[in-house]
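Undergrad: Below: sequence and its predicted model.
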Amino acid sequence: MVSYGADLSFRYVQSARVMFGAGVAGEAGLEVKALGCERALLVTDSFLRGKTDLCARVEKALGARLAGIFDGVVPDASVETIDEGAAMGRRLSADALVSLGGGSAIDTAKGIAVCLTLGGGIRDHQGTQFLGKRATPHVAIPTTAGTGSEVSMYVVVKDPVAREKMHYADERLIPDVALLDPEVTLGLPPALTAATGFDALTHAVEAYTSTNRNPLSDAQALHAIGLVAEHLPRALKDGGDLVARGQMLLASNLAGAAMSNSGVGLVHAIAHVVGARHGVHHGAANAIALPHVIRWNADEPALAPRYADVAAALGARGGDAADASKALLARCGLPSRYRDVGVPEADLAAIAQAAIGDGAIVYNGKFAAEASLVLGVLREAW
């Protein structure tokens, strides 16, 4: 474990109120009431609404406080979807949001909250600490264990026309309540379980090695890494393992809070661009880049002891963090090369150029803000 010097100084923002336990999603109505709200817009996707009973369960929990359901969420929160949801929220005079789904649903609800709070469309408000007042109250119910969006201040919004992802950050965007219910994650397919699990792992590793790290986020990140290493393979072996599902929700939550305070790095900068340009799932895009970025970063002297901690948390005490993450990737059955997910070699230079303009790269533990440096990592990952 690394130590800290006398010059230590940091700022840490506490996350949402977190409730954990099987069946806790049934508390959604009580939580909306506790926030002083009466007309909640439920934000979800058409699959969860039409093909599972999860949406119906939350509807029942909300009861008379349900103003309506917006089920237009798509993978990667998009400009059009957020604006459409905000328009519905205005028509229904919604005074609260309840998001049910993965990171896309939670981020869509955050984007809707921005529009309901400030007016206009989501394109009008891109920035950092831009809200100026409390956002529309938000209760988040994650159905995947990966993004940690239920406790983060960040929103990433895809603009399909510009083929880019826009970034929003404000402490007031952290949902007011996070309901972590292992039961709502039981139906997650193995491929999505693995990909979202690697998203959580990447948040933790990048937060722990960020230039903006601090002791509180370090503790969260390191514990999250250990939880993923132990429980992601269990969740993949038996999707009905409620303990493993619950521990992965906790890992995602801890990693999300750590990332929200410390930032991420080069892995996310690459993944954001790859996702926007080629539609690669965010977790899978992170998983492919992670071992290669670790290996590239790890020769920075200040990062060596931190990556030793990462390796130990992954179960490779005295070993190599890049190899340990690559071994876990293989165990989880995820693709290990960008060529395997449809990224053409001819686009690598453009991806590298776009990645150095992505906000995630700012806190990478090693200087990476030159396209030639990023291109070298991309070639290794391709």
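TA: Sure thing, it's come through.
Undergrad: Can you name every helix or strand that the helix or strand hosting Ala113 contacts?
TA: Ala113 belongs to helix 103-118 when elements are defined using DSSP states H and E. Judged by 3 or more CB pairs under 8 Å, 6 or more residues apart in numbering; DSSP states H and E, the packing partners of helix 103-118 are strand 40-43, helix 79-91, strand 96-101, strand 138-142, strand 154-159, strand 164-169. To be clear about C-beta, it is placed using only N, CA and C from the backbone, and glycine gets the same treatment.
Undergrad: Specify the angle between that helix and strand 96-101 in degrees.
TA: With axes from the mean of the first three to the mean of the last three CA atoms, to 10 degrees defining the directions, helix 103-118 sits at 160 degrees from strand 96-101.
Undergrad: And the very next helix or strand once past helix 103-118, what does it pack against?
TA: Using DSSP H and E, the helix or strand that directly follows helix 103-118 along the chain is strand 127-128. Other helices and strands packing on strand 127-128, by 3+ CB pairs under 8 Å, 6+ apart, are strand 164-169.
Undergrad: Go through the strand it packs on and flag the buried ones.
TA: For strand 164-169, a neighbour-count test (16 or more other CB atoms under 10 Å) marks Glu164, Lys165, Met166, His167, Tyr168, Ala169 as buried.
Undergrad: quick one: contacts for the last one?
TA: So that's Ala169. Contacts for Ala169 (CB atoms under 8 Å, 6 or more residues apart in numbering) come out as Gly127, Thr128, Gln129, Met153, Tyr154, Val155, Gly359.
Undergrad: what's the answer for the second one, then?
TA: For Lys165, the residues meeting the contact criterion (CB under 8 Å, 6+ apart) are Asp76, Val156, Val157, Lys158, Asp159, His272, Val273, Gly275, Ala276, Asp358.
Undergrad: what would the residues you listed look like in TSV with distance to Ser336 and neighbour count?
TA: Below are the contacts of Lys165 laid out as TSV (distance: CB to CB, whole Å; neighbours: other CB atoms under 10 Å):
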residue	distance to Ser336	neighbour count
Asp76	22	21
Val156	24	26
Val157	29	23
Lys158	25	26
Asp159	29	15
His272	20	27
Val273	19	28
Gly275	17	21
Ala276	21	24
Asp358	22	23
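Undergrad: my read: Asp181 touches Gly21, true?
TA: Yes - if you go by CB atoms under 8 Å, Asp181 and Gly21 touch, sitting 7.0 Å apart.
Undergrad: More neighbours: which of the two?
TA: Between Asp181 and Gly21, Asp181 has the larger neighbour count (other CB atoms under 10 Å), namely 25 against 13.
Undergrad: Distance of Glu230 relative to Arg331?
TA: Distance of Glu230 to Arg331, computed by CB to CB, to the nearest Å: 12 Å.
Undergrad: Direction included, what does the worst-scoring helix or strand of the chain on mean pLDDT pair against?
TA: In the chain, no helix or strand scores lower on mean pLDDT, DSSP states H and E than strand 164-169, which sits at a mean of 85. Note on strand 164-169: by DSSP bridges, its sheet partners are strand 127-128 (parallel), strand 154-159 (antiparallel).
Undergrad: and that strand, C-alpha only, in CSV?
TA: Extracted in CSV, the C-alpha atoms of strand 164-169 (Å, rounded to 0.1, in the frame of the first residue of the first chain):
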residue,chain,number,x,y,z
GLU,A,164,-18.4,12.0,-30.8
LYS,A,165,-19.2,11.8,-27.1
MET,A,166,-19.9,14.9,-25.1
HIS,A,167,-18.9,15.2,-21.4
TYR,A,168,-20.8,16.8,-18.5
ALA,A,169,-19.6,16.9,-14.9
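Undergrad: And it, how far out from the chain middle?
TA: Distance, stretch centre to chain centre, for strand 164-169: 13 Å (CA atoms, centre = their mean, to the nearest Å).
Undergrad: Next: stretch 145-163.
TA: Going by CA atoms, centre = their mean, where stretch 145-163 is centred and where its chain is centred differ by 7 Å.
Undergrad: What of stretch 136-147?
TA: Worked out by CA atoms, centre = their mean, stretch 136-147 lies 10 Å from the chain centre.
Undergrad: what does stretch 25-32 give?
TA: From the chain centre to the centre of stretch 25-32 is a distance of 23 Å (CA atoms, centre = their mean).
Undergrad: ditto for stretch 236-243
TA: 21 Å.
Undergrad: for stretch 188-198, same thing?
TA: Averaging C-alpha positions (CA atoms, centre = their mean) puts stretch 188-198 13 Å from its chain's average.
Undergrad: same question for that stretch, mean pLDDT?
TA: Taken as a whole, stretch 188-198 has a mean pLDDT of 96.
Undergrad: what does that stretch contact?
TA: 102-103, 143-147, 228, 232, 235-236, 239, 248, 251-252, 281-284, 286-287, 290, 329, 332-334.
Undergrad: which residues does the closest residue to Leu303 other than its chain neighbours contact?
TA: Computed as CB to CB, 6 or more residues apart in numbering, the closest residue to Leu303 that is not its neighbour in sequence is Gly365, at 4.9 Å. Contacts for Gly365 (CB under 8 Å, 6+ apart) come out as Thr209, Ser210, Thr211, Gly265, Asn297, Glu300, Ala302, Leu303, Arg306.
Undergrad: Now tell me what touches stretch 337-352 from outside.
TA: In contact with stretch 337-352 (CB under 8 Å, 6+ apart) are residues 270, 273-274, 277-280, 284-285, 288, 335, 371-372, 374-375, 378-379, 381-382.
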